[in-house]
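**Student:** Sequence and computational prediction follow.
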Amino acid sequence: MRATLQECIDCFNSNEMMKPVAVRNMEQLGEWETAAKYWEKLNRKLDADACRMIADAKNKGDEYREAVSHLTDWVEDTVSKGIKTKEQALKIVYPKMHEIYKRTL
C-alpha cells in the first residue's frame with residue numbers, strides 16, 4: 001500500500017523514529033521538493049541537495065518534452081501515415097530538437 005503525501009507528513013510529525021522513512025516515502029511518491037524540505041528539518045543537507053537536483057532535472061525534462069512535443073507528434077504522424085520511416089523523420093527534426101535542448105539547459 002502506498003502512502004499519500006499527507007500520510008508521509010503526518011508520519012513525519014508524529015513518530016520520531018519513522019521520520020527518515022517518511023521522507024523516503026515522499027521520494028517514492030516523486031515529491032522531491034517536499035522531501036528536500038523535510039531532509040533539511042533532519043539536518044541532512046546532502047539528501048536535501050540530492051532531492052533538489054532530481055526535482056530540477058525532472059522540471060527541465062518536462063520543459064524540454066513540452067517544447068519538442070510538436071516535433072515528436074509530427075514524427076509519429078509522419079510515420080503512421082507511411083510518409084517516412086522513423087529514422088528519416090528523426091533526421092529532419094533532430095537539429096531543431098537539439099537547438100531546443102541547448103536552450104533548456
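**Tutor:** Received it, and whenever you're ready, just let me know what you need.
**Student:** Which residue is the nearest non-sequential neighbour of the residue minimising distance to the centre of the chain?
**Tutor:** Centroid-nearest residue in the chain: residue 58, 2.7 Å away (criterion: Cα atoms, centre = their mean). In space, and not counting its chain neighbours, residue 58 is closest to residue 32: 6.8 Å by Cβ to Cβ, 6 or more residues apart in numbering. (C-beta placed from N, C-alpha, C; glycine too.)
**Student:** ok, now residue 79?
**Tutor:** Once flanking residues are discounted, residue 79 sits nearest to residue 86: 5.0 Å by Cβ to Cβ, 6+ apart.
**Student:** Can you report how many residues lie near that neighbour?
**Tutor:** Around residue 86 there are 11 other residues, counting by other Cβ atoms under 10 Å.
**Student:** That one contacts residue 72, doesn't it?
**Tutor:** No: look at residue 86 against residue 72 with Cβ atoms under 8 Å: they stay out of range, at 10.8 Å.
**Student:** Would you map the helices across this protein?
**Tutor:** 5-14, 19-28, 32-41, 45-80, 86-104 (DSSP state H).
**Student:** Export these as TSV, with columns for mean pLDDT.
**Tutor:** Formatted as TSV, the helices of the chain follow (pLDDT from 0 to 100):
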stretch	mean pLDDT
helix 5-14	96
helix 19-28	97
helix 32-41	98
helix 45-80	97
helix 86-104	95
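**Student:** returning to what we had before: any figure for the gap between the residue nearest to residue 79 and residue 99?
**Tutor:** Taking Cβ to Cβ, to the nearest Å as the measure, residue 86 falls 20 Å from residue 99.
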